[in-house]
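> following is a predicted model, sequence given first.
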Amino acid sequence: MAQSRSSSREAPRGRTRRTSTSRSRAAPQQDGKPKKTRSRSSSFRERFEGTTVDKAMSGITRGIKSLLASKPSALSDCPKHGAPECLSCMCSIDINGKVTKDGSKIDLRYKVDEPQEVAIDPKFGEQARFDPLRDPHMRSRLNAESAYTNQEKAPASFKTPSRRWFSYCSSCNVTFLVGLAGNMAADDHPSHVATNMGARSICAYVDATSWEDSQKTLGGNSSVFFGPGSKYNALSDNVYDLKHHLSIQFAALRRALRLALTILDHRHALVEKHGLSNSYKFLWEYCTQFRFVVFSRMEAVNHWLNLDRAATGQGQLDPWVETEVLKIDEDVANLAAQGIEVKIFTLPAFEKYEPEYEFFYDRFI
Ligand SMILES: [Zn+2]
Ligand SMILES: [Zn+2]
């Protein structure tokens, strides 16, 4: 589970603000004449060379140099946040302590021979419902509890999806959830984290429609939307002779789940290219993994969320529908084996979305 996985890991260091260490720009030459060779530092040296102050200064310099040499993290602090381990910049050289003492031979590539430990317990049905009021990516636990007990007082922005929830990356071709860590973290390519613990969620909108023609045959089409212009967007052709009006919906959901696996493969390649660490765990678990949050108004999704797994075969649903629901369970279990947790948010089945659902208006632009 994501929570237990997070708690078992060493908490990443928080972002630290670093005062600028870059050298101030040289003063512009006013008259175009060559600079004087006698610099302020040389006059300083001349004045204090051999003095007690000079000895003290060089002692301090030596101390700083040896400190830097003994502290390997100083060699690979992330340039933006100044932290030796940064989930936004995907750099970590010491998470598993695999660094050389002098820092000179650090292998910044992950070790492919380390075992994968990414599998999580799959969650089915109600356990997989995406509840923004309690979601650990969107609310701190304390705020979530108070929002939940005062639902009518909870901010509307946490009840219904809006653009503010999402950040689309045209390089990754997917939409990330903007979580507790805020917009800048969600926008930051390629990490796109939602929380300070480095968790992220990739979102997709899944929809399908079906119709009956004059010969009473069923037709339909479906769409999986990962964001404006995403190469993963999948709009099906019209399909005819459907066995059941829900079959196009189950097919759309399964297609989305398969696409999540493709995105995971691509994310592995991306992290391999951008991540700086000698830790397989850091790169392949913390920088690569994501939750997959499906937004949908399809009836099939409600069947998947509502089925009581302990009472299958007892007439809860049409046997064919129940079989399809259990096929989705298999796909969800396959994703869990790869470390991906599936969450589902059910949208009201409006013919036309209300303004708060505007994020979904412009699908397939
Ligand atoms: Zn950083
Ligand atoms: Zn990106």
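That came through, no problem. Ligands and ions are numbered 1, 2, ... in the order given.

> kindly report the residues of the stretch 51-200 of the chain close to ligand 1.
Within the stretch 51-200 of the chain, the positions adjacent to ligand 1 are 78, 80-81, 86, 88-89 by C-beta under 5 Å from the ion. Yep, even glycine has a C-beta here, placed from its N, CA and C like the rest.

> closest to L253 among those?
Nearest to L253, judged by C-beta to C-beta, of those is S88 at 32.0 Å.

> pretty sure the closest one contacts V193?
Yes: with contacts counted by C-beta atoms under 8 Å, S88 reaches V193, the gap being 6.3 Å.

> coming back round to it: from the residues of the stretch 51-200 of the chain next to ligand 1, which is closest to T262?
When these are compared against T262 (criterion: C-beta to C-beta), the nearest one is S88, at 24.7 Å.

> tell me which element the closest one falls in.
Assigned by DSSP states H and E, S88 belongs to neither a helix nor a strand.

> what about G220, distance to I248?
Distance, G220 to I248, using C-beta to C-beta, to the nearest Å: 3 Å.

> follow-up on the earlier one: okay, who's weakest in the residues of the stretch 51-200 of the chain next to ligand 1 by pLDDT?
Model confidence across those bottoms out at C78, which has 69.

> quick one: low-confidence ranges for the stretch 251-365 of the chain?
350-365 (pLDDT under 70).

> what touches both of G220 and I248?
Common neighbours of G220 and I248 (criterion: C-beta atoms under 8 Å, 6 or more residues apart in numbering): 208-210, 239, 242.

> report the buried members of the residues you listed.
Neighbour-count burial (16 or more other C-beta atoms under 10 Å) is assigned, among the shared contacts of G220 and I248, to 208, 210, 239, 242.

> okay if I get those residues as JSON lines plus pLDDT and distance to ligand 2?
Formatted as JSON lines, the buried ones among the shared contacts of G220 and I248 follow (pLDDT from 0 to 100; distance: C-beta to the ion, whole Å):
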{"residue": "A208", "pLDDT": "91", "distance to ligand 2": "28"}
{"residue": "S210", "pLDDT": "91", "distance to ligand 2": "34"}
{"residue": "V239", "pLDDT": "91", "distance to ligand 2": "32"}
{"residue": "L242", "pLDDT": "92", "distance to ligand 2": "36"}
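
> just the ones of these in strands?
Among the buried ones among the shared contacts of G220 and I248, the members falling in strands (DSSP state E) are 208, 210.

> and the buried ones among the shared contacts of G220 and I248 as CSV, adding distance to V325?
Formatted as CSV, these follow (distance: C-beta to C-beta, whole Å):
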residue, distance to V325
A208, 15
S210, 17
V239, 20
L242, 17
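
> and stretch 274-285, is it in reach of ligand 2?
No: contact of stretch 274-285 with ligand 2 (C-beta under 5 Å from the ion) is absent, the minimum separation being 9.7 Å.
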